[in-house]
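Asker: got a predicted structure here, sequence first:
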Amino acid sequence: MTRRQRIMPAVLPSHVADNKAYSYGVLDGDTLHVSGMVAFAPDGSYVGEGDITAQATQVFDNLRAVVVEAGGTLEDVVSTTTYLASADYAVAVGEVRKTYFTGDVPPTSTVVVAPMAREQFMVEVSAIARIPE
């Protein structure tokens, strides 16, 4: 039987969980699909407004929180998709990414999207991970 569960870490804004219209992640069998993570603090405030390095750091912290809540580590991530509000942010986000993925680095696709869902967002990262049972 395939296990399927919604992943909603307590360290991410709880108001998102309340509306039942969004999941930070869904674990289907051993495959974790992680929604696009943005630079939200646990209280829902924006982190690093105008600072791409601070935002990227928060984004990868949030991504890690979802993977850990599902029972994995960042080493279980098999691919990511990075959305940038400007191509100028690519180098800074790549430098931050290197501090989170240090082993077999997962492939990533990078897309420039402007405007993003909220004007404060400079970067968003979604992922797929394989979580061992």
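Answerer: Great, that's in hand. Residues are numbered from 1 along each chain as shown.

Asker: low-confidence stretches in the protein?
Answerer: Counting by pLDDT under 70, the ranges of the chain that qualify are 1-2, 16-20.

Asker: all helices of it, in order?
Answerer: Assigned by DSSP state H, the chain shows helices spanning 14-18, 52-69, 90-100.

Asker: out of the ones you listed, deepest packed?
Answerer: Among those, ranked by average contacts under mean count of other Cβ atoms under 10 Å, first place goes to helix 52-69 (a mean of 21). Using the backbone N, CA and C atoms, a C-beta is placed for each residue, glycine as well.

Asker: which helices and strands does it pack with?
Answerer: For helix 52-69, the elements it packs on are strand 25-28, strand 31-37, strand 77-84, helix 90-100, strand 123-130, judged by 3 or more Cβ pairs under 8 Å, 6 or more residues apart in numbering; DSSP states H and E.

Asker: what is the longest one packed up against?
Answerer: The one in question is helix 90-100. With contacts taken as 3+ Cβ pairs under 8 Å, 6+ apart, helix 90-100 sits against helix 52-69, strand 77-84.

Asker: how about the last one: buried residues?
Answerer: Within strand 77-84, the residues that count as buried by 16 or more other Cβ atoms under 10 Å are 77, 80-84.

Asker: cool, thanks, signing off.
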